[in-house]
Each structure stands twice: as C-alpha cells, then as structure tokens.
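A.B. asks: Structural data only, the sequence is not supplied:
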C-alpha cells in the first residue's frame, strides 16, 4: 500500500503541473488576462502541494504502522536510519529546501544578470563587480542543495 502511495506522490505532481502548464498556455493563447492565469496557477500549485504532502504523510504513516516495535533495541539497531515517518518528512523537507532555494536563486539571477550585462556594456571595467552580484544570486540555490544533502544524510 505504501509503495502505491509513494509512486502516486511522485507521479501526481508531475502530471498535475504539466497539465496546469498546458492549460495555462491554452488560456493565454485564447486571450485570458495574465494576472488571472497567474492567480489560478498559484491556487492550483498550492492545492497540488497540499495533496502531495498529504500523500507523503499518509505513506509515512502506513510505513510506521507496518513496522514492528522491537522489545529491546541494540546499539546496532539504534544506529540505523530513521523510521518511515521521519524518512518521509525528511524527503519532503529536502525537496522543499531544494525547490524553494532554486526559485529564490532564479529570481535573484533574473534580476541581477540583465543589470550586470547592461553595466558591462556601458563600462567593461565593471565586469568583475557585476559577476560577483550574479554569483551571489546563484549561491542561494547552492546553499539549498547543501542543506538538502545534509537532511538526506540524516535520514
């Protein structure tokens, strides 16, 4: 049962967000206002996020219920990775950290890179300073990846 829930938690967001993107493109081609499309997409994204999180929690709860509680825990068993419930939450946390850090880094680079190109075209000596600001935006995403690796090593 938990395998089906895990597969569903992986496949559902990809299918739902792809369908959302296709539908948004169709609405845009039919002349629907961009702000209205954005509001609809944001609402649908939050809904997909809630459904995916609930599937992950359900899968971790099913794993935790299926696991037998040992009477005595040895030191070798205590060194084993976390139980199913903690593992599901850890995977969810790692995915959220990576995704949100990637979005933040993308926003930072989207704002900084055109300004860096414009500054470099006006004064070629400003290339080094401009490159630093673009690299700072990219480092946000790298920090998110590092944190998610640390989370994955804990579970």
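C.D. replies: Yep, that arrived. Every value quoted in this text rests on a predicted model; they were computed, and no experiment measured them.

A.B. asks: what about residue 101, distance to residue 41?
C.D. replies: Residue 101 sits 21 Å away from residue 41, going by Cβ to Cβ, to the nearest Å. (Each C-beta comes from the backbone N, C-alpha and C, glycine too.)

A.B. asks: So between these two, which is more surrounded?
C.D. replies: residue 101 (20 against 16; other Cβ atoms under 10 Å).

A.B. asks: what sits against the more buried one?
C.D. replies: Contacts for residue 101 (Cβ atoms under 8 Å, 6 or more residues apart in numbering) come out as 140-141, 143-145, 147.

A.B. asks: Show me which positions of the top helix by length along the chain end up buried.
C.D. replies: Criterion DSSP state H: the longest helix present in the chain is helix 84-122. For helix 84-122, the neighbour count (16 or more other Cβ atoms under 10 Å) marks 84-85, 87-95, 97-98, 101, 105, 108-109, 112-113, 116, 119-120 as buried.

A.B. asks: Give the rounded mean pLDDT of the helix or strand following that helix.
C.D. replies: Next in sequence after helix 84-122, counting helices and strands by DSSP states H and E, comes helix 127-154. Average pLDDT, helix 127-154: 87.

A.B. asks: Remind me what helix 127-154 packs against, helices and strands.
C.D. replies: helix 84-122 (3 or more Cβ pairs under 8 Å, 6 or more residues apart in numbering; DSSP states H and E).

A.B. asks: Next, the contact list for the closest residue to residue 155 other than its chain neighbours, please.
C.D. replies: Closest residue in space to residue 155, ignoring its immediate chain neighbours: residue 90 at 3.6 Å, by Cβ to Cβ, 6 or more residues apart in numbering. For residue 90, the contacting residues are 82, 151-152, 154-155, by Cβ under 8 Å, 6+ apart.

A.B. asks: Among those, which one is most surrounded by other residues?
C.D. replies: Neighbour max across the contacts of residue 90 (other Cβ under 10 Å) = residue 151, 19 neighbours.

A.B. asks: and the gap between it and residue 107?
C.D. replies: 23 Å.
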